[in-house]
Structure formats: structure tokens, C-alpha cells
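> From the sequence below, what's the structure:
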Amino acid sequence: MTDNSERLEDAMETEIVQSSLIFGVNFDYKAMWIKDIQNCANNLEIRLDNAKPTWKRIENKLNIERQDNTSAPVKTRSTPAPVASSSSSSSTCPTLKTKLSTIDRDKVLKVYDALIRDENTCWVLKATKQQATLEKKTLWSVKRKMREFVATLTYVHPTLSFILDMSDLNWVNYFNKEELEELKSSGQPILRCIHDELKPKFEQIENLKSALDAYNFRRLIDHHPIEQPLLAWLSQTLMQTATFFTPGARTPTQNMLESDKLYYLWSLLSTIHRNSGIEALGKEKTSTFHAKILNSKRKLSAVDEIEREKIGRRLDTIYIGRGIELGGLEVGPTKDNTKEFEDSMLKLPFVFKDMLSEIVSRRPSLLHKAHVLGYNINGDAVRLIDADIPGGHIVRIRRTDELEYPTDNDDYVLKMVSLLELASYGKAIIDDTYSLCCQTRVPPLATGNLSLFPPSFAPNTDNQGQSSNASSSVKKSRKNTN
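Down below sits the predicted model:
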């Protein structure tokens, strides 16, 4: 081992120990660091060897540091334990079983109470008004019903960040059928109009019989590559995808790696924005808008040391126009319902909420007009996700049903037409918001002005042991040590 590699190992050990001290005793710091190191290597296009690192020295150092701080020793776990979420750079979004501390929940309830007192910021449904009139009951706003749900939480949930996900079955217990329908249909529809250039082409493609027919049809799409970017996208997509399903093709799409699927199969969701002012940035791009919200409460060292700067959540693709983040895409290479829950219902909604927050905080007139687009790919199926603020200051999340990718020559045409339509709907969402942002002046704003937009949930790391099993295990460890 060279001196340089020894110094690098020592520096890594020190960094891992110091950064892991703020977490609870059950936090799986090894999994976090392994993932971060692998992501960093991928971004730098560095191949890591297969040697397994020895964590024993790090674990011993961490035990010593925790004992010096009168904390319990670290217990190695193979999977993350259900403790309160952290606000670290690599785990800014919680897991499905992240415990919520009582202190954090009470803080969020106070924010809800403050916002509910201002009736002008409350969204009241027409269906709720009718029901309240008929039954002569008190009129409850959407925000008040969400507040009632927050009071029952024991796990971290998007509602803590004022996110109302219409796919979350928990809301069946708080809104009736008419209210749920109004919540879904308010504002602009999730499926917009298809561009005039594309609609007749989609109808022609639907009448084709095979992938080879589609490949040959793309030759007949007369277009200018720059002046008619949508027709260029359609021609390129048919050429690239049909070759995988033409009889005799030898590339099994089901066995492709995640990066290959994103580049070869699902690129139609990104290439549709070429020559439009929108960039689709990939390779685990970090959301700067999300990072800005995470670091919004950083302050100079005084009584306490300044917090480490946090990085935004990484997405497989982020859509950006003139520095404005307009959405993102997350892909899973194989069918995994648990990963879909985490990505689609936890990771993406939190990031989209912060993207919307940045847009409307700088352009207040777009509060109920701006939308953020998302895609969640789970194996060989995709959902479109739309985030907006249709009333009050509640971020609403809506999704389309899953659409499957073609599997063979026989189903290529019909499934591909549906995917092409989905991509065009997504482009309409992004184009509308991008156009609004470009046409809206950003006024001078005094730094530190309070925003009416509700803050994103940021757990207090000092209280992460509250209301979780971790707190009891710490007490038992201390008792045994004594």
C-alpha cells in the first residue's frame, strides 16, 4: 500500500466517523457511504475493484467517539432501521419506515395551526361546502383535514411538507368520494392536448401492424431536423426502438442494465425536449432547488457550529430550462413495488415540492399556475407524475396509470403509441410552466422576507431518538454500561 493510499484511507475513515456521529445508533451508515462512493465513481466514470472494505476500524472508532459522548455503541445492521429521518446530504428523503419524533410532529402541527388561522390561504372544496350546508356542520378546509391526519402520524409522511398525494389511500378516511374527485379534477387536467404536428402521425402509426412497419414509416416522416423538432423526435424514436423488436433482433430488452434502459428504451421521455430550450440532464443529477431548501436555515457558527452544507436529492434525470428546474425522472431497472413506493411517493414528491417552492417564491403570481413534471419508471412500466398547487398552499401530486413498454413485435405498435402520447403530454406540462416562467418578471426581493409558502419538513437531528425504539435501546445500553 502506498503512502498516498494510506492517507486517503485515513481521511476517509475520519470523514465517515465524524459525519456518522449525528445519527442514531441504528443508522446504517455503511449502506449510505457505499452508495455515495459508488455514485461518485459512476459520475467520474471510475471502475471500482471488487475488494470488500474492512469496516471494523471505523466501527471501533465510532464506538469510542460515541462512548466519549455518553452515547451507546454502534450496532451493525444490514438494512436501515426505522429511526427518525436525518437531514444528511445522502438521505434527505425518508424511507417507508422512518419514525417521526413527537417533537417534530408537534412543530409541524404548529405550522398548520398558524396557516389555518389565515383563511385566505385555505383551500375549501365545493363538495365540502355542500356537505357542511346539508349537515349543518363546521366547514373544514383541505388544510384542516390534512392537519387532522398529521396529528395521527407515527412515521414520516409527505403531509409533513404539505403534500397531498392523490394516490395515497390514507385519504379515503378523510375525504368523501365527491371531495376526492374534486381534489383530482381541480385546475388543469393532467393529460393536456397533443401537439398538432404529432396527433395525425400517432393515428397513422396506430394503424400499422408490426415494429418493422413502424421502422419503415419513420422514413416517410418528412421534416426539418431543427425547425420541426417534434417530427424529428418521432422519427428518431421509431428508428431507435423498433430495431429491438423487429423479427430477428438479438438484443433482449428485459436484460438491459438501468443505464442502458434509460438511454435506449426510455430516452423518448427526454429527447422530446431537444431544440426547445429544455435540457434533460442525466447521470444522477443533483437538484439545486432541493439543496437550496435544505440549506435555507444554515447560519454562521455561534453557540453551535455551522451545519455541513447539504446536497440536493439525486435524480436519474432533471429537466431544466434557463436554470429553472421543471421536473425529473427516476428509473428502477427491475419491477420492485417497494422501490416504486419510495421513489414515486416519497423521494420525488419531496423534490418536486421544493422545485415548485423555488418557482413560486420568486414568481408569486404563478402560485396556482406552475406545474412540475415527473416520471417514475419501475422495470418495464412508467407513470407520469404532475405536481401543482391548485388551491391554498397545498402541493397536489397526481399520477397516470402505468403504461408498459413493448415486449415483442406483436405488441410494439399499440404500446409504443401510448408511450409516445405520454411523452407529448409531459412535454405540454413542462412547456406551459417554462413559458410562464420566461414571461414572468422576477421582482427584487429583500433577503430574509418570510414566504407564505409552507416550509418543507426538516427533521430535528437532536430529537431523532424521540418516539422510536432507538431511544429505548440507547437507555438500555447506558444502563448495561453503567
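
> Which parts of the helix or strand where Val382 lies count as buried, going by neighbours?
Assigned by DSSP states H and E, Val382 belongs to strand 381-388. Buried residues in strand 381-388, counted by 16 or more other C-beta atoms under 10 Å: Val382, Arg383, Leu384, Ile385, Asp386, Ala387, Asp388. For glycine as for every other residue, the C-beta is placed from the backbone atoms N, C-alpha and C.

> Out of these, which comes closest to Leu315?
Distance to Leu315, by C-beta to C-beta, is smallest for Ile385 among these, at 11.8 Å.

> so what's the nearest residue to the closest one once chain neighbours are set aside scoring on pLDDT?
Excluding the flanking residues, the one nearest Ile385 by C-beta to C-beta, 6 or more residues apart in numbering is Gly374, at 3.6 Å. Looking at Gly374, its pLDDT stands at 95.

> Which strand or helix spans Pro339?
No, residue 339 isn't Pro; it's Lys. Per DSSP H and E: Lys339 is located in helix 337-342.

> now what about stretch 255-265, what contacts it?
Gln240, Thr241, Phe244, Thr253, Gly282, Asp316, Thr317, Val331, Gly332, Pro333, Ile377, Tyr405 (C-beta atoms under 8 Å, 6 or more residues apart in numbering).

> In CSV, list these along with pLDDT, neighbour count and secondary structure.
Listed next are these as CSV, based on pLDDT from 0 to 100; neighbours: other C-beta atoms under 10 Å; DSSP: H, G, I helix; E, B strand; the rest coil:
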residue, pLDDT, neighbour count, secondary structure
Gln240, 93, 17, helix
Thr241, 94, 25, helix
Phe244, 93, 20, coil
Thr253, 79, 18, helix
Gly282, 79, 17, coil
Asp316, 88, 22, coil
Thr317, 92, 24, strand
Val331, 89, 22, strand
Gly332, 85, 21, strand
Pro333, 79, 18, coil
Ile377, 94, 26, strand
Tyr405, 95, 21, coil
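
> what about Met146, which SS state?
State at Met146, reduced to three classes by DSSP: H, G, I helix; E, B strand; the rest coil: helix.

> what residue ranges in the stretch 201-350 of the chain score low on pLDDT?
Scanning the stretch 201-350 of the chain for pLDDT under 70 picks out 283-299, 302, 308-313.

> all strands for it, in order.
With DSSP state E, counting those that start in this stretch as the criterion, the stretch 201-350 of the chain has strands at 279-281, 285-286, 314-315, 317-321, 324-332.

> I'd like those laid out as CSV, including distance to Met12.
Output for the strands of the stretch 201-350 of the chain, formatted as CSV (distance: least, C-beta to C-beta, whole Å):
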stretch, distance to Met12
strand 279-281, 28
strand 285-286, 21
strand 314-315, 20
strand 317-321, 28
strand 324-332, 28
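
> Out of those strands, flag the one nearest Ser301.
Of all the strands of the stretch 201-350 of the chain, strand 285-286 comes closest under C-beta to C-beta, at 25.2 Å.

> Count residues in the vicinity of the nearest residue to Tyr215 once chain neighbours are set aside, would you?
Setting aside the residues directly before and after it, Tyr215 is nearest to Ala242 in space (C-beta to C-beta, 6+ apart), at 3.9 Å. With neighbours defined by other C-beta atoms under 10 Å, the count for Ala242 comes to 25.

> cool, Tyr264 as well?
When neighbours are defined as other C-beta under 10 Å, Tyr264 has 15 of them.

> Point me to the helix or strand that includes Gln188.
Using DSSP H and E, Gln188 sits within no helix or strand.

> Quick one: residues contacting the spatially most central residue of the chain.
Among the residues of the chain, Leu348 comes closest to the average C-alpha position under C-alpha atoms, centre = their mean, at 1.4 Å. Applying C-beta under 8 Å, 6+ apart to Leu348 gives the contacts Leu315, Gly328, Glu330, Gly374, Asn376, Ile385.
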